[in-house]
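Peer 1: predicted model follows, preceded by the sequence.
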Amino acid sequence: MHIRLNEQLLQLTSNCTVAELLQQQQLASEGLAVAINNTVISKRCWSEHKLQSNDNVQLFQIVTGG
């Protein structure tokens with residue numbers, strides 16, 4: 001299965017959830033936002049949201065300040 005992760009083509013060996021993808025990529029979830037096909041996915045749904053072939057996944061680092 002192929003997806004795009006931050007504009008880079010990535011091949012996954014099997015369907016996985018957003019949480020599993022982050023774990024496979026060794027990315028910390030703290031301060032991270034995820035959008036799939038231009039729709040933001042709530043952090044509480046990451047462990048349930050299954051990625052589909054050809055999904056476009058964008059990861060954003062949340063920055064706060066004034």
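Peer 2: Sure, I can see it. Source: prediction; values computed, not measured. Residues are numbered from 1 along each chain as shown.
Peer 1: can we go C-alpha only for contacts and neighbour counts from here?
Peer 2: Will do.
Peer 1: any chance you could map the strands in the protein?
Peer 2: For the chain, strands defined by DSSP state E occupy the ranges 2-5, 8-11, 32-36, 39-41, 56-61.
Peer 1: who does the longest one touch, helix- and strand-wise?
Peer 2: Based on contacts counted as 3 or more CA pairs under 8 Å, 6 or more residues apart in numbering; DSSP states H and E, the elements that strand 56-61 packs against are strand 2-5, strand 32-36.
Peer 1: can I get those strands in JSON lines with mean neighbour count, distance to residue 64 and mean pLDDT?
Peer 2: Listed next are the helices and strands packed on strand 56-61 as JSON lines, based on neighbours: other CA atoms under 10 Å; distance: least, CA to CA, whole Å; pLDDT from 0 to 100:
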{"stretch": "strand 2-5", "mean neighbour count": "17", "distance to residue 64": "24", "mean pLDDT": "97"}
{"stretch": "strand 32-36", "mean neighbour count": "16", "distance to residue 64": "12", "mean pLDDT": "97"}
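Peer 1: and of the ones you listed, who's closest to residue 63?
Peer 2: Among the helices and strands packed on strand 56-61, the nearest to residue 63 by CA to CA is strand 32-36 (9.3 Å).
Peer 1: identify the residues contacting the closest one?
Peer 2: 40, 41, 42, 43, 55, 56, 57, 58, 59, 60, 61, 62 (CA atoms under 8 Å, 6 or more residues apart in numbering).
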